[in-house]
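**Q** Build me a model:
(4 chains)
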There are 2 protein chains.
Amino acid sequence: MTLKELAKALNLSPTTVSRALNGFPEVSEATRKKVQAAADAYGYRPNMRARSLATGRAMAIGHVIPVSSEHEMMNPVFADFISGAGEVYASHGYDMLISIVPDEDQERAYEEFRTKGSVDGIIVHAPRAGDQRIHLLKQVGIPFVVHGRASDSDEAYSWVDMNNLRAFHRATKFLIDLGHRRFALINGLEDMDFAIRRRAGFEAALEEHGLSPGDCSYFSGEMTEQYGHDSTLELLRLAEPPTAILTSSMIPGIGIRRALREAGLTLGKDVSVIIHDDDLSYLPNGREEPQFTATRASVRDAGKRAAAMLIDLIESGNPAPRTEMMEAELILGASTGPAPAHKPMRQTEPS
Amino acid sequence: MTLKELAKALNLSPTTVSRALNGFPEVSEATRKKVQAAADAYGYRPNMRARSLATGRAMAIGHVIPVSSEHEMMNPVFADFISGAGEVYASHGYDMLISIVPDEDQERAYEEFRTKGSVDGIIVHAPRAGDQRIHLLKQVGIPFVVHGRASDSDEAYSWVDMNNLRAFHRATKFLIDLGHRRFALINGLEDMDFAIRRRAGFEAALEEHGLSPGDCSYFSGEMTEQYGHDSTLELLRLAEPPTAILTSSMIPGIGIRRALREAGLTLGKDVSVIIHDDDLSYLPNGREEPQFTATRASVRDAGKRAAAMLIDLIESGNPAPRTEMMEAELILGASTGPAPAHKPMRQTEPS
DNA sequence: TGCGCATTTCAAACCGGTTTGGAGTGATCC
DNA sequence: GGATCACTCCAAACCGGTTTGAAATGCGCA
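**A** The predicted structure follows:
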């Protein structure tokens, strides 16, 4: 059932029918009612392709999701981010278009989103150091919001971010206050913006307390459970293993816990661990008594805010960049305690 | 840059330009080259909205992802499924449209996909007992592929599924062979099709060995880490706790492991656990020596197959339903062992 | 009755592509 | 030389909506 057929059935022009359904003031209340009733009766729905061709609005938002080409891994926090964003899109009548793209093809994907005209705006995920995408999108002129920031860009753009630096600064200071002196940071891939900021916060806190960041152990990699596990085993082989570990997500945190147990060490006693908790729906850290001491910020909430910001950017017509900084809470859980008097000893040989 | 402008710049008709770019035989090789060169030079890309309006093809596939309205939870296996499917879409020139929809709004979402004409086909996720969606989509006549099956539907439709029944039948039999006699099944939501089949496989294996399914403990819920943890604590409070637990995903499996440790029990010795391993990229169970004994089938692979099947369904023009059954491997890991001689005793009080 | 004005409706153009049904050109054949 | 044919190319219609500019209608008032 097309609009023209509907019009014919009603003995009206397509113009009038279109206006009646879209609430324009030029059509009388009586005919509007009649048209609406007929539309309902016939189950008429406007064809989005035609409408968006005519209006120039796609009513869709694009997400380009980078996938590590080595591991074919999709960062699990995207699921929650997208679920938050999707909710906001739905309530504003937007569709969500997702492109899963290997790291190296990303720019082409943005190019295509623009030229094909299939979206009104774009969410940029996982910015890295030296990221070209922001510059590219600014040139293109399509509205976009970055989840995170590109540290080295001096251009103004819209973003929603968590205060990674302060979160890890606070977490590190907390561990120092507990008496810890030997640290390890099991971070995300080292050129990811969030990883850079977290490391900066970590190092700043150390330096403020007269400790040397150079003495610490650093890992960077994709945040799998295995990665947390293997990195921890490697740490425990050191002559002087750290007594405190910070890590960028709950998932490697679980791997850390597993490795500690394999080594016969007790989490929160022999080794303290602080994770960043994205508040993933399927991995709750616990509210009453969290498993892990954590810096917590809901990535689903970030998704909602980024989506709302982008829709505002599109619909307000005001292209002035907006920014929104979220602060993480530092919540106390069972994975931290005072630094042990002696260096922790492995009781069993890790396999 | 539109096709008409390009045509004008080349002193050709839009028809010829369109045909040249789309490889129709009616245009000479010389002009095709000329047109292609000009298109590249001007950076011309056809507007997808216009093209799909003209061709009637949206070049997009829709996914309706149900989100539990209670917990706002998005099933984490979707991330990997989608990442597999997205790869196939990209290589065939399709976009992926995702609607995050609360459970109760699902049918409306399908209705809209159809009427708005924004997709050429649909992937149906997470079928349940008594699911109306398949019937609805058949009536609508839009191509679709179900990830899983709807147990009680007698209509023919296309699906890609894992042999849940056989996987859990084999896993249960394996535990019985190890001497276990008291079991618990920590399953997904009980009206989910996969949960029904897994339970059926579990119960069939018990009955074949003269054991009574009614004596077992059953849990059904959303597969979070917390859920696995809390269910296990509850099991351990029984007068005669089970010596073997089967669960539907690695995530509750991790919670089970945590609960066992809190109770001072050893995984694989005091209590054996078999999980279903979706082979999630961020939660590898391990290849050489898996953490958990598991039934393994890659959900990312299922995504690829479902996507390929749907594209074939759309492009071949042959609407005959296709089906594809994947078998899970049963892989031996560190979480199973012979049934203990005595019932396991809690050494410490779980908090 | 005739004029002005507001209200309601419509025909036609448009968005940017694809596709149908010819038309023009040159070569081939009788 | 004229008919036939293959090869290129084109004008115009079409997909299904929105939007512009104008026409028809109804009403009040002189």
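
**Q** Could you tell me how many residues sit around whichever residue of the stretch 101-250 of chain A sits closest to DNA strand D?
**A** Residue of the stretch 101-250 of chain A nearest DNA strand D, by C-beta to the nearest atom of the strand: A:Gly117 (13.1 Å). C-beta coordinates here come from the backbone N, C-alpha and C atoms, glycine included. Residues within reach of A:Gly117, counting by other C-beta atoms under 10 Å in any protein chain shown, total 21.

**Q** Grab the nearest non-local neighbour of it.
**A** B:Asn47 (4.7 Å; C-beta to C-beta, 6 or more residues apart in numbering or on different chains).

**Q** Would you check that the one you found makes contact with A:Glu112?
**A** No. With contact defined as C-beta atoms under 8 Å, B:Asn47 does not count as touching A:Glu112 (11.8 Å).

**Q** Report the contact partners of A:Asn187.
**A** A:195, A:198-199, A:218-220, A:247-248 (C-beta atoms under 8 Å, 6 or more residues apart in numbering or on different chains).

**Q** Would you mind putting the residues you listed into a markdown table with distance to chain B alongside?
**A** Below are the contacts of A:Asn187 laid out as a markdown table (distance: C-beta to the nearest C-beta, whole Å):
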| residue | distance to chain B |
| --- | --- |
| A:Ala195 | 16 |
| A:Arg198 | 18 |
| A:Arg199 | 21 |
| A:Tyr218 | 21 |
| A:Phe219 | 16 |
| A:Ser220 | 16 |
| A:Thr247 | 13 |
| A:Ser248 | 12 |
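
**Q** ok, so of those, who is nearest DNA strand C?
**A** Closest to DNA strand C, out of all of those and judged by C-beta to the nearest atom of the strand, is A:Ala195, at 40.6 Å.

**Q** and that closest one, how many residues sit next to it?
**A** 21.

**Q** can you tell me how far it sits from A:Asp154?
**A** From A:Ala195 across to A:Asp154, the span is 21 Å (C-beta to C-beta, to the nearest Å).

**Q** Is it correct that A:Val146 falls within a helix?
**A** No. A:Val146 is assigned strand when assessed by DSSP: H, G, I helix; E, B strand; the rest coil, not a helix.

**Q** My read is that it contacts A:Ser153, right?
**A** No. Between A:Val146 and A:Ser153 there is no contact under C-beta under 8 Å: 9.4 Å.

**Q** who's more crowded, those two?
**A** The neighbour count for A:Val146 versus A:Ser153, taken as other C-beta under 10 Å, is higher for A:Val146 (26 against 19).

**Q** Now do the contacts for the more buried one.
**A** A:123-124, A:127, A:134, A:157-161.

**Q** pLDDT score for A:Arg346?
**A** Note for A:Arg346: predicted pLDDT of 49.

**Q** Spatially, and excluding backbone neighbours, which residue is closest to the residue of the stretch 251-351 of chain A found nearest chain B.
**A** Closest residue of the stretch 251-351 of chain A to chain B, C-beta to the nearest C-beta: A:Ser281 (3.9 Å). The shortest distance from A:Ser281 to any non-neighbouring residue, by C-beta to C-beta, 6+ apart, is to B:Met73 (3.9 Å).

**Q** That neighbour and A:Leu280 touch, don't they?
**A** No. B:Met73 is beyond contact range of A:Leu280, at 9.2 Å (criterion: C-beta under 8 Å).

**Q** the strands in the stretch 201-350 of chain A, which residues?
**A** Here the stretch 201-350 of chain A has its strands, by DSSP state E, counting those that start in this stretch, at A:217-220, A:244-247, A:272-277, A:293-296, A:323-326, A:329-331.

**Q** Let's have these in JSON lines, adding mean pLDDT, distance to DNA strand C and mean neighbour count.
**A** Converted to JSON lines, these look like this (pLDDT from 0 to 100; distance: least, C-beta to the nearest atom of the strand, whole Å; neighbours: other C-beta atoms under 10 Å in any protein chain shown):
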{"stretch": "strand A:217-220", "mean pLDDT": "98", "distance to DNA strand C": "43", "mean neighbour count": "18"}
{"stretch": "strand A:244-247", "mean pLDDT": "98", "distance to DNA strand C": "48", "mean neighbour count": "28"}
{"stretch": "strand A:272-277", "mean pLDDT": "98", "distance to DNA strand C": "45", "mean neighbour count": "28"}
{"stretch": "strand A:293-296", "mean pLDDT": "98", "distance to DNA strand C": "46", "mean neighbour count": "26"}
{"stretch": "strand A:323-326", "mean pLDDT": "98", "distance to DNA strand C": "32", "mean neighbour count": "14"}
{"stretch": "strand A:329-331", "mean pLDDT": "97", "distance to DNA strand C": "48", "mean neighbour count": "15"}
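
**Q** Out of the ones you listed, flag the one nearest A:Pro340.
**A** A:Pro340 lies closest to strand A:272-277 among the strands of the stretch 201-350 of chain A, at 9.1 Å (C-beta to C-beta).

**Q** List the strands paired with that closest one, with their directions.
**A** When pairing is defined by DSSP bridges, strand A:272-277 lines up against strand A:244-247 (parallel), strand A:293-296 (parallel).

**Q** Show the contacting residues for A:Gly255.
**A** Counted by C-beta under 8 Å, 6+ apart, A:Gly255 has contacts A:224-232.

**Q** which ones among the contacts of A:Val146 come in contact with chain B?
**A** Near chain B, judged by C-beta under 8 Å from any C-beta of the partner chain, there are no entries from the contacts of A:Val146.

**Q** Could you export the contacts of A:Asn187 to CSV, including columns for distance to B:Tyr89?
**A** Shown next, in CSV, are the contacts of A:Asn187 (distance: C-beta to C-beta, whole Å):
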residue, distance to B:Tyr89
A:Ala195, 30
A:Arg198, 34
A:Arg199, 36
A:Tyr218, 38
A:Phe219, 34
A:Ser220, 31
A:Thr247, 34
A:Ser248, 30
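
**Q** Looking at the contacts of A:Gly255, which are in helices?
**A** Counting by DSSP state H, the contacts of A:Gly255 place A:225-232 in helices.

**Q** between the residues you listed, which is closest to B:Ile65?
**A** Using C-beta to C-beta, these come closest to B:Ile65 at A:Glu225, 24.0 Å.

**Q** where's the residue lying closest to that closest one once chain neighbours are set aside relative to B:Tyr282, distance?
**A** Leaving aside its chain neighbours, A:Glu225 sits nearest to A:Gly255 (4.1 Å; criterion: C-beta to C-beta, 6+ apart). In this view, A:Gly255 and B:Tyr282 are 10 Å apart by C-beta to C-beta.

**Q** Quick check: neighbours shared by the two?
**A** A:224-225.

**Q** ok, now how distant is the closest residue to DNA strand C within the stretch 201-350 of chain A from A:Ser153?
**A** As assessed by C-beta to the nearest atom of the strand, DNA strand C sits closest to A:Ile314 within the stretch 201-350 of chain A, at 17.7 Å. Separation of A:Ile314 from A:Ser153 (C-beta to C-beta): 22 Å.

**Q** and what of A:Arg128?
**A** 11 Å.

**Q** Then A:Gly86?
**A** Taking C-beta to C-beta, one finds A:Gly86 at 27 Å from A:Ser153.

**Q** about what we covered before: out of the contacts of A:Gly255, which one sits closest to A:Val101?
**A** For those, the minimum distance to A:Val101 (C-beta to C-beta) is 20.4 Å, reached by A:Thr224.

**Q** Any idea how many residues pack against that closest one?
**A** A:Thr224: 22 neighbours (other C-beta under 10 Å).
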